[in-house]
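S.K.: For reference, the sequence and a predicted model appear below.
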Amino acid sequence: MSDTVDSNAVSLEQEELRGISRTVAEIEWLLLVLVLLYYAFGGGHPEDKAAIVSGLLAYTACIMGFRYTHFFKRESRWKVAVETWIMTAFVTWSLWHTGKLDSPLINSYLLVIITSALTLGKITTLLELALIATCFVLLGDYDSIGELTSLSSLGGVLAEFAPFILVAYITTMFSSDIRYGLNKAKLMSESDDLTGILNRRGFAILADRLFGQAVRYNRALSILMIDCDNLKQVNDDFGHKAGDVLLKDLVKSIQGQLRYTDVLARHGGDEFVVLLPETTAAGALDVAERIRRAVDQMHAGGNTIHTTVSIGCAVYPEEGRTLDALMSGADRNLYQAKSLGRNQVVR
Ligand SMILES: Nc1nc2c(ncn2[C@@H]2O[C@H](COP(=O)(O)OP(=O)(O)OP(=O)(O)O)[C@@H](O)[C@H]2O)c(=O)[nH]1
């Protein structure tokens with residue numbers, strides 16, 4: 001079962017990496033167009049033209065190789081890192097043949113730095129900066145180490161390199177803020193404010209994946225629909241706040257009976273849904289009965305409030321071959337449990 005959870009995480013990461021890869025591709029083409037335009041408008045010494053053209057051709061071949069040959073079957077951060085190294089090599093080659101540190105193309109390094117900062121995080125961007133700093137020294141044409149380490153040379157290199165460090169710093173901070181914000185927004189849109197568990201939307205995303213895997217590998221999967229039996233009464237007798245406390249305690253009680261890989265969500269109001277991966281009818285009924293008993297023994301709000309739950313259960317593939325069919329089956333069984341007098345499990 002942990003395989004299932006792991007593969008969910010993997011596919012989410014792959015989705016993110018595919019987005020990153022598209023951004024990197026756009027920046028790579030932008031860099032190519034930049035150097036191409038410079039060349040087309042007569043940039044570079046005539047004796048360096050052949051070198052610039054061969055650099056352009058080699059770089060284009062590299063981009064096409066990365067984009068269209070599917071040499072790398074899966075997206076990975078390593079692939080993006082290799083791409084940024086190729087970009088650095090291309091920029092350095094172009095600078096070498098167009099005036100070195102005085103070349104108007106010197107700011108092309110910013111594209112590499114921004115790519116790295118947006119996609120690869122702080123440490124890799126720091127390494128990228130170190131690589132570019134080395135290229136800077138190479139392009140500086142220093143005759144000896146003494147000349148390089150002289151105070152005026154170091155000052156000059158630092159002054160020229162400082163904007164690159166600043167852009168790297170700002171872009172990395174900006175990118176990690178955006179990532180934090182996106183994660184937070186995603187978390188909020190997929191979880192329930194009151195209880196902190198998944199909401200209907202979050203459940204639908206996860207359940208879709210887990211159900212797809214059950215179908216693909218022909219494994220059992222069960223759904224439990226759980227409804228609180230007297231929340232309206234509790235709200236009327238003790239107030240809405242007490243009802244909220246009851247719902248939170250109810251969630252803790254249910255969670256206490258579930259495994260790490262089971263998925264619990266608030267389906268709405270006082271109704272909850274549980275997805276039990278790789279669980280047959282016998283297992284599902286056992287879990288449902290344990291939940292029913294645990295809630296029956298629970299006393300919420302400082303031992304003053306007691307409640308029970310009714311549970312409907314449906315099992316794949318016996319009761320439905322789609323997730324919707326299973327959920328409807330479990331819902332029908334839940335209402336059957338209600339009409340049979342509540343505080344019971346029905347399959
Ligand atoms: N305190 C509180 N009450 C809620 C919340 N969401 C829904 N409710 C209340 O839950 C009650 C559900 O009512 P009913 O569907 O009649 O359910 P019940 O009183 O539990 O009785 P049965 O389901 O018929 O057994 C309603 O009064 C809703 O207002 C919530 O977040 N907090």
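M.R.: Structure's in. What do you need? Numbering: from 1, shown residues only.

S.K.: all helices in the protein, in order from the N-terminus.
M.R.: Ranges of helices in the chain, per DSSP state H, are 2-40, 49-68, 77-96, 109-119, 121-139, 145-149, 151-190, 200-216, 231-238, 240-255, 281-296, 300-303, 323-339.

S.K.: If you tally nearby residues, what's the number for the residue of the stretch 101-250 of the chain found nearest the ligand?
M.R.: Residue nearest to the ligand within the stretch 101-250 of the chain: Gly243 (2.4 Å; Cβ to the nearest ligand atom). All C-beta atoms are positioned from the backbone trio N, CA, C, and that covers glycine. Taking other Cβ atoms under 10 Å as the criterion, the count of residues near Gly243 is 24.

S.K.: pLDDT score for the residue lying closest to it once chain neighbours are set aside?
M.R.: Take Gly243 and drop its neighbours on the chain: the residue closest to it by Cβ to Cβ, 6 or more residues apart in numbering is Asn235, 4.2 Å away. With respect to pLDDT, Asn235 has a value of 93.

S.K.: what does Ile170 give?
M.R.: On the pLDDT scale, Ile170 gets 94.

S.K.: Span of stretch 189-204 from start to end?
M.R.: 12 Å (Cα to Cα, to the nearest Å).

S.K.: ok so, going back, what pLDDT is listed against the residue of the stretch 101-250 of the chain closest to the ligand?
M.R.: 93.

S.K.: Now do the contacts for it.
M.R.: Leu231, Val234, Asn235 (Cβ atoms under 8 Å, 6 or more residues apart in numbering).

S.K.: wait, what's in contact with the second one?
M.R.: Neighbour list for Val234: Ala242, Gly243, Leu246, Ile305, Thr307 [criterion: Cβ under 8 Å, 6+ apart].

S.K.: Counting neighbours, what do you get for the first one?
M.R.: Going back to what we said before, that points to Ala242. For Ala242, using other Cβ under 10 Å, the count is 17.

S.K.: Quick check: the gap between it and Thr88.
M.R.: Using Cβ to Cβ, to the nearest Å, Ala242 is found at 63 Å from Thr88.

S.K.: what about this protein, any weak spots by pLDDT?
M.R.: 1-13, 70-73, 143-149, 151, 300-303 (pLDDT under 70).

S.K.: Quickly list the domain ranges of it.
M.R.: According to automatic domain parsing, the chain comprises the domains 2-189, 200-346.

S.K.: Can you tell me which of those domains is most buried?
M.R.: domain 200-346 (a mean of 18; mean count of other Cβ atoms under 10 Å).

S.K.: What's the end-to-end length of that domain?
M.R.: 22 Å.

S.K.: Next, the contact list for Ala162, please.
M.R.: With Cβ under 8 Å, 6+ apart, Ala162 has no contacts at all.

S.K.: what does stretch 253-265 rub up against?
M.R.: Contacts for stretch 253-265 (Cβ under 8 Å, 6+ apart): 1-2, 4-5, 192, 197-200, 202-203, 206-207, 210, 226, 251, 272-277, 279, 287, 290-291, 294-295, 298.

S.K.: Please disregard the earlier target; I meant stretch 37-56.
M.R.: Leu32, Val35, Leu36, Phe90, Trp93, Ser94, Trp96, His97, Thr98, Gly99, Pro104, Leu105.

S.K.: run the last query once more with 6 Å
M.R.: Residues from elsewhere that reach stretch 37-56, judged by Cβ atoms under 6 Å, 6 or more residues apart in numbering: Trp93, Ser94, His97, Thr98.

S.K.: Just the endpoints, please. Distance across it?
M.R.: Note: stretch 37-56 ends 11 Å apart using Cα to Cα.

S.K.: Please tell me how far that stretch is from the chain's geometric centre.
M.R.: Averaging C-alpha positions (Cα atoms, centre = their mean, to the nearest Å) puts stretch 37-56 42 Å from its chain's average.

S.K.: same thing with stretch 169-189?
M.R.: 11 Å.

S.K.: do stretch 282-298 as well
M.R.: Distance of stretch 282-298 from its chain centroid, counting by Cα atoms, centre = their mean, is 34 Å.

S.K.: No more questions from me, cheers.
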